[in-house]
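Chemist: Next comes the sequence, and after it the predicted model I'd like to discuss.
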Amino acid sequence: DFCQKSSIIDSKSCNISAIDRTFIAANVETKATKASKSGQKLTRYEFLEILVRLAVLKYKDSGKAKTYAEAVGMMLDEVIARSEPAYWEQFRDEKLYTVEIDDLMLANLSLL
């Protein structure tokens, strides 16, 4: 769903099967991670790993970028930055990230 909404998917280098393979490669369970996660869940570093792998696939391997850093930069600029914000972001920005909430949190920080 995220890949479709953010237009990561294209018909040339970054199709659904490539994304599935990337997910599987990044979501490998080791003995250390097996107890802490299960199945189709991703940790933050796995999500970032997938973004880097897809950037390489979409931009470096296709010749649009010369370096890995350039490929990741292109992914962030062209795909991630243009994706629509999630529905909760507007609520968070308007209701939670306010001076009043910050004052309330600071006043009660010792209780948290």
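Modeler: That came through fine. Note that the structure is predicted; figures quoted are calculated from it, not measured.
Chemist: What count of nearby residues applies to residue 14?
Modeler: 23 (other C-beta atoms under 10 Å). (C-beta placed from N, C-alpha, C; glycine too.)
Chemist: same question but for residue 8, I mixed them up
Modeler: A count of nearby residues for residue 8, using other C-beta under 10 Å, gives 22.
Chemist: for residue 107, same thing?
Modeler: 9.
Chemist: now do the one 5 residues further on
Modeler: For residue 112, the number of neighbouring residues by other C-beta under 10 Å comes to 5.
Chemist: Can you name the residues that contact it?
Modeler: residue 105 (C-beta atoms under 8 Å, 6 or more residues apart in numbering).
Chemist: Residue ranges in this structure under the pLDDT threshold?
Modeler: 1, 30-40 (pLDDT under 70).
Chemist: Pick out the residue closest to the middle of it.
Modeler: The centre of the chain sits closest to residue 47, judged by C-alpha atoms, centre = their mean, with a distance of 5.2 Å.
Chemist: quick one: that residue and residue 28, what's the gap?
Modeler: Residue 47 sits 14 Å away from residue 28, taking C-beta to C-beta, to the nearest Å as the criterion.
Chemist: still on that earlier bit, what's the nearest residue to the residue nearest to the centre of the chain if we skip its chain neighbours?
Modeler: In this structure, residue 47 finds its nearest non-sequential neighbour in residue 26, 8.0 Å apart by C-beta to C-beta, 6 or more residues apart in numbering.
Chemist: show me the contacts for that neighbour.
Modeler: Residues near residue 26 by C-beta under 8 Å, 6+ apart: 42, 46, 47, 49, 50, 53.
Chemist: buried sites along stretch 75-95?
Modeler: By neighbour count on 16 or more other C-beta atoms under 10 Å, the buried set for stretch 75-95 is 75, 78, 79.
Chemist: Not counting its own residues, what contacts that stretch?
Modeler: Here stretch 75-95 makes contact (C-beta under 8 Å, 6+ apart) with 2, 5, 6, 7, 8, 51, 54, 55, 58, 59, 101.
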